[in-house]
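>>> using only what follows, build the 3D model:
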Amino acid sequence: MSTFDKFKLKTNPFRMTPAINSSELIWAGFPEIKEKIENRIKRSIQIPNSSLILNWGEYGSGKTHAARYFNKISVLKELAGTNSVPLSIDINFPNSKQTITDIYTQIIDKLDILSLRKMLKDKNVDIIPVVNLITDSIFIQNVIKLMFDENTDIPTFRSYLYKSAFSTSDLKKFATTGVQRVFSSDNDLVEFLAGLFSLITYQKKAYSCVILWFDEFESISTLSSINISAVNNFLRSIIDKTPNNLLIFLNLTQSAMMDVEDLGEYLQEAVKNRIKSGVELRMPNNDELKEYLKELLNNPIYQNAPKADYFPFD
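Numbering: from 1, shown residues only. The predicted model follows:
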């Protein structure tokens, strides 16, 4: 008899890291933390404003799990109710010399352009007049219009966004639409993302809001002063240029090297003032741990024969 058979388990419920497959992600215990995060998301679904939220806790307190769990489309649909569902994206905070480019690339990696086109079309979003309202940059307006033009080849446009394998001849084709250059600065990337987010959440028709989860935000302490300044500029600018329907979570791991109070060394006043609230993911007491264990062990994803107790523990 295997260990799993002996303990009536389908698989090991005690993962080293949260599951990647959304079907394997569940929430157990910690009802107060779950409610706080749910309320922040519900608020952004219902109210047209943008917010910056700090989540903090020790290693293993569940920050990465929360980011992945609340990215599940089934969870977001339940929170949205009769409203449009949010577009949620989780980002591993990069430790690199091109921090903003890496953040931008992670976001683009997770965007399905065909699905975005279909969603806006199904929700009767009139793209051209809306784009003209959400940004005053003619260049960015033309890029976004090109993105949602059904005659634009998606693989070619993706190459344009990545600036990879994008030839001069391809750019000449785009030039007739007013797109005469590729993105050349962090400001271009922020302007494009802000315009895109504002378009797809316009009047909450297609998507109610965009949610960005930055995991391992404590890595900001390892960046150069130039990149720390770039991250601050990105956060300030993306909020300012997307004044409606953007929710950003920053997951911070407290450790001997970094605590919440230490953030003052890395975040400028303009960014700190935009952090309106926070969620502490503290370690559980005995009763909270027991509640967590019971819900975890008796979830059908792990237990063959739920007993509503702590089996195989006593």
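
>>> could I get the contacting residues of residue 310?
290, 293-294, 297 (Cβ atoms under 8 Å, 6 or more residues apart in numbering). Backbone N, C-alpha and C define where each C-beta goes, glycine included.

>>> count of neighbours near the closest residue to residue 230 other than its chain neighbours?
The shortest distance from residue 230 to any non-neighbouring residue, by Cβ to Cβ, 6 or more residues apart in numbering, is to residue 100 (5.3 Å). Other residues lying near residue 100 total 21 when counted by other Cβ atoms under 10 Å.

>>> list the helices and strands the strand or helix carrying residue 100 packs on?
Assigned by DSSP states H and E, residue 100 belongs to helix 99-109. Judged by 3 or more Cβ pairs under 8 Å, 6 or more residues apart in numbering; DSSP states H and E, the packing partners of helix 99-109 are strand 87-92, helix 154-162, helix 186-200, helix 225-241.

>>> let's see 7 Å
strand 87-92, helix 186-200, helix 225-241 (3 or more Cβ pairs under 7 Å, 6 or more residues apart in numbering; DSSP states H and E).

>>> all strands of the stretch 201-314 of the chain, in order?
Secondary structure of the stretch 201-314 of the chain (DSSP state E, counting those that start in this stretch): strands located at 210-215, 246-254, 275-280.

>>> could you point out the helix or strand that follows the helix holding residue 100?
Past helix 99-109, the next helix or strand by DSSP H and E is helix 113-122.

>>> what angle separates that following helix from helix 154-162?
With axes from the mean of the first three to the mean of the last three Cα atoms, to 10 degrees applied, the angle from helix 113-122 to helix 154-162 works out at 100 degrees.

>>> and the contacts of the helix or strand following helix 113-122?
Next in sequence after helix 113-122, counting helices and strands by DSSP H and E, comes helix 127-134. Residues outside helix 127-134 that contact it (Cβ atoms under 7 Å, 6 or more residues apart in numbering) are 120, 141, 144-145, 148, 195, 198-199, 202.

>>> wait, isn't residue 53 in contact with residue 249?
Yes - Residue 53 is in contact with residue 249 according to Cβ atoms under 7 Å; the separation is 5.1 Å.

>>> so which of those two has more stuff around it?
More neighbours surround residue 249 than the other of residue 53 and residue 249, with 27 against 21 (other Cβ under 10 Å).

>>> return the residues in contact with that one.
Contact analysis of residue 249 by Cβ under 7 Å, 6+ apart lists 53, 55, 67, 213-214.

>>> neighbours of residue 94, how many?
20.

>>> relative to residue 160, how far out is residue 98?
Distance of residue 98 to residue 160, computed by Cβ to Cβ, to the nearest Å: 18 Å.

>>> looking at the two now, which is surrounded by more residues?
residue 160 (21 against 13).

>>> contact partners for the residue nearest to residue 230?
Neighbour list for residue 100: 186, 189, 230, 234 [criterion: Cβ under 7 Å, 6+ apart].

>>> how does it look with 6 Å?
186, 230, 234 (Cβ atoms under 6 Å, 6 or more residues apart in numbering).

>>> what of residue 102?
With contact taken as Cβ under 6 Å, 6+ apart, residue 102 is in contact with 94, 96.

>>> distance of it from residue 234?
Following Cβ to Cβ, the distance that separates residue 102 from residue 234 is 11 Å.

>>> what of residue 63?
20 Å.

>>> these two: which has the busier surroundings?
It is residue 63, of residue 63 and residue 234, that has more neighbours when counted by other Cβ under 10 Å, with 25 against 20.

>>> any idea how far residue 143 is from that one?
The value you get for residue 63 to residue 143, if Cβ to Cβ is used, is 34 Å.

>>> if we can go back for a sec, any idea which of the contacts of helix 127-134 has the most stuff around it?
Busiest of the contacts of helix 127-134 [other Cβ under 10 Å] is residue 144, holding 25 neighbours.

>>> now do the contacts for that residue.
Counted by Cβ under 6 Å, 6+ apart, residue 144 has contacts 131, 195.

>>> can you give me the buried ones in the helix or strand it falls within?
Using DSSP H and E, residue 144 maps to helix 138-147. Using 16 or more other Cβ atoms under 10 Å as the burial criterion, the residues of helix 138-147 that qualify are 139-147.

>>> let me know the closest of these to residue 10.
Nearest to residue 10 out of those is residue 147 (Cβ to Cβ; 43.2 Å).
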